[in-house]
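Colleague: test case, fold it:
(2 chains, ligands or ions: 2)
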Amino acid sequence: MNVITCIKRVPSTETNIRVGPDSKSLDTTGVEYILSPFDEIALEEALRVKEKLGTGDVTAITVGTPDAATTLRTCLAMGADKAVHIKDADAYKRDPFAVASALASVIKTMPYNLILCGKQAVDDDNGQVGAMLARLLNIPFISLITKLEISGTNAVIQREISGGYEVLEVTLPAVLTAQKGLNEPRYPSLKGIMGAKKKPLEEKTATFDSDTIETVKMEYPPSRPAGRVVGKGVEAVPELVKLLREESKII
Amino acid sequence: MQPILVFVEQANGQIKRTSLEAVSEARRQADIIKTEVIALIIAEKAETFVKDAGSYGANKFLAVEGADFKEYLTAAYTRAVLAAVSKVNPIAVLFSATPNGKDLAASVGAELKISVIQDCITLGYDNGAFIARRPIYAGKSIITVKALKSPALVTLRPKIFQLGVANNQAPSVEKLAVSLTADDKRVKLKEVVQSRQKKIELTEADIIVSGGRGMKAPENFKVIEELAGVLNAAVGASRAAVDSGWRPHTDQVGQTGKTVCPTLYVACGISGAIQHLAGMSSSKCIVAINKDPDAPIFKVANYGVVGDLFEVVPALCNELKKG
Ligand SMILES: Cc1cc2nc3c(=O)[nH]c(=O)nc-3n(C[C@H](O)[C@H](O)[C@H](O)COP(=O)(O)OP(=O)(O)OC[C@H]3O[C@@H](n4cnc5c(N)ncnc54)[C@H](O)[C@@H]3O)c2cc1C
Ligand SMILES: Nc1ncnc2c1ncn2[C@@H]1O[C@H](COP(=O)(O)O)[C@@H](O)[C@H]1O
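Modeller: Ligands and ions are numbered 1, 2, ... in the order given. Next comes the predicted model:
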């Protein structure tokens, strides 16, 4: 079974987001980058599928700026067999359709039985590249998966829904997006990190569709009033309730 | 002017409140640009939902019906939305930013070759283009995005857009026949499993009470559940509580959990890490109960109480019950 995992390099979740000088994009000075957490879960699942079935390759693919190669190496260190880098200086300014179609154009030339994405990339929080990719490849799509069982070309999947989950069945290939709860991603081992340097990382180019949506401004959320401590311990409780009732009129 | 099309989502025999919010917002936009609102309902039997909805300003309902549309499945619903789009040639298609709404919008977007503006918190029309604002980095920043192509594809975040007034006039319903291909039926729904207690959905809750590592053990969450019961609130958790196995993953609030914006968020034994704050800082009022006066959660709390949650939370329950 050949599994492709679509991964994105994103600012660490610790980042204090600052607006850049163009007032439209992130100020990247001093920002540290990570493999997007849901993509980490997707990759972990790909590795588990391969380990369980004992055959096939796991490939990590990204549409990324040149420095995304570092993130692909992290994927190789976790255990991916190969990496594909669709290199593009403007990768993180492209809109989701442009990214999805570039991914689709390259994936079409690769062998695959399963494609795993994250539920969303934690920078733009779009949650749409996976669904678009499935449609562009004309294969089935299931989002928010929390359990995956494969036998032969058949997959039985649990998908998170409001207040519970649903069980879905599909014949592979398909695009699935990983939700938290699917697995606990492993850390790269020292051996994995050493081995990653020797694994193949292929560079590709793609033509990008022009953007259909455009970011015209980036700003900070409205600031909250400075925090206020009502008091200490149980003695503060009557005052708290009074404030909730009379000042903020919430209850 | 071309109409605005709104996808109306149903679940458990009812139209979702967030879809009514979307219809209401479509009405407001339609009044500005002087056009009609067409609501699209996809269900096994659509008629009942139309009646329930009142109209909230929809001029007309389009109904796609049949056994194939009983439950949400991305491919079948995508086919239905595409049929509606080619029938009415809308200037914009609005969805609720629910999990299904977002999938559906993206899937439709791929066919139309148009990116979706997801999770919008405001919508406007300026110089011939729809413009929307949406949070990114889990709310650490807000961007303004312009739709360069028509139709604009927009999903609206639940609980942000005001509900209009239902006029209880049943608008006209036109049935739209949609036939599915074999490819549209490749995913089969086997089973729907709902948790036994009827839980309030975090993203749609008016009040949330959350517990963190300070809860110390899973059984201690009964303190939180009791407070949630008194307040008719949903229960949330920090990642530390989820990763400890005390609470299900679905309860996690934060950058890699749910982004929530209730009127009241009560954080108990939660320090206020940046990833947690990202998911809940847009709550209208934040109450923090923590024994560490230097916990960062106090920086965003409208009302903080420094103290042991195992004393403060039960006292709060009692005080609230006094009425
Ligand atoms: C990639 C990534 C993504 C993440 N995503 C999320 C996310 O989505 N959501 C999230 O929440 N976290 C997330 N985190 C984790 C985050 O960094 C914090 O580790 C986590 O939020 C801490 O949870 P906590 O506040 O419950 O625990 P702690 O930070 O340990 O805080 C516990 C608090 O409880 C207080 N306390 C203890 N006992 C009592 C008592 N008896 N009475 C009152 N107060 C008491 C303590 O003073 C302390 O402030 C993420 C981290 C990473 C790296
Ligand atoms: N630039 C990219 N390169 C590769 N995969 C991506 C990229 N952007 C998004 N994805 C994939 O699509 C998922 C959803 O991303 P998004 O729609 O941007 O929230 C991510 O979790 C990745 O799996």
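Colleague: can you pull out the strands in the stretch 201-323 of chain B?
Modeller: For the stretch 201-323 of chain B, the strands defined by DSSP state E, counting those that start in this stretch occupy B:207-211, B:234-237, B:264-268, B:285-290, B:303-306.
Colleague: likewise the stretch 151-251 of chain A?
Modeller: A:154-161, A:164-171, A:175-178, A:201-204, A:213-219, A:229-232.
Colleague: just checking: what are the partner strands of the fourth one?
Modeller: Looking back up the chat, that one is strand A:201-204. Here strand A:201-204 is paired, per DSSP bridges, with strand A:82-87 (parallel).
Colleague: neighbours of residue 33, just the number please.
Modeller: By default, I'm working from chain A. Residues contacting A:Tyr33 under the criterion other C-beta atoms under 10 Å in any protein chain shown number 20. For glycine as for every other residue, the C-beta is placed from the backbone atoms N, C-alpha and C.
Colleague: I was after chain B.
Modeller: Applying other C-beta under 10 Å, we find 14 residues neighbouring B:Ile33.
Colleague: mind checking how far it is from B:Asn12?
Modeller: B:Ile33 is 34 Å from B:Asn12, where distance means C-beta to C-beta, to the nearest Å.
Colleague: still on that earlier bit, which among the strands of the stretch 151-251 of chain A is found nearest to ligand 1?
Modeller: For ligand 1, the closest of those is strand A:229-232, at 11.7 Å, according to C-beta to the nearest ligand atom.
Colleague: can you name the residues in contact with stretch B:313-320?
Modeller: For stretch B:313-320, the external contacting residues (C-beta atoms under 8 Å, 6 or more residues apart in numbering or on different chains) are A:234, A:237-238, A:240-241, A:251, B:223-224, B:226-227, B:230-231, B:268, B:289.
Colleague: how about these, which pair is most distant?
Modeller: A:Pro238 and B:Ile224 (20.6 Å; C-beta to C-beta).
Colleague: who has more neighbours, these two?
Modeller: Neighbours per residue (other C-beta under 10 Å) separate A:Pro238 from B:Ile224, with B:Ile224 holding more: 24 against 15.
Colleague: Provide a list of residues in contact with the residue nearest to the more buried one when sequence neighbours are not counted.
Modeller: Spatial nearest neighbour of B:Ile224, excluding adjacent residues (C-beta to C-beta, 6 or more residues apart in numbering or on different chains): B:Gly211 at 4.6 Å. With contact set as C-beta under 8 Å, 6+ apart, B:Gly211 has these partners: B:220-221, B:224, B:235-238, B:241, B:246-247, B:268-270.
Colleague: next one, pLDDT for whichever residue of the stretch 151-251 of chain A sits closest to ligand 2 please.
Modeller: Closest approach between the stretch 151-251 of chain A and ligand 2, counting by C-beta to the nearest ligand atom: A:Thr177, at 6.6 Å. On the pLDDT scale, A:Thr177 is placed at 98.
Colleague: ok, B:Asp52 next?
Modeller: Note on B:Asp52: pLDDT of 69.
Colleague: quick one: the helices in the stretch 51-200 of chain A?
Modeller: Per DSSP state H, counting those that start in this stretch, the stretch 51-200 of chain A carries helices over the ranges A:68-78, A:96-107, A:129-137, A:190-196.
Colleague: winner for burial among those helices?
Modeller: Most buried of those, by mean neighbour count (mean count of other C-beta atoms under 10 Å in any protein chain shown): helix A:129-137, with a mean of 26.
Colleague: for that helix, packing partners?
Modeller: strand A:3-6, helix A:96-107, strand A:114-118, strand A:141-151, strand A:175-178, helix B:74-88, helix B:99-112 (3 or more C-beta pairs under 8 Å, 6 or more residues apart in numbering or on different chains; DSSP states H and E).
Colleague: now do the contacts for residue 104.
Modeller: Let's take chain A. So A:Ala104 contacts A:133, A:136-137 (C-beta under 8 Å, 6+ apart).
Colleague: my question was about chain B, not that one.
Modeller: B:7, B:72, B:74, B:77-78, B:81, B:95 are the contacts of B:Leu104 under C-beta under 8 Å, 6+ apart.
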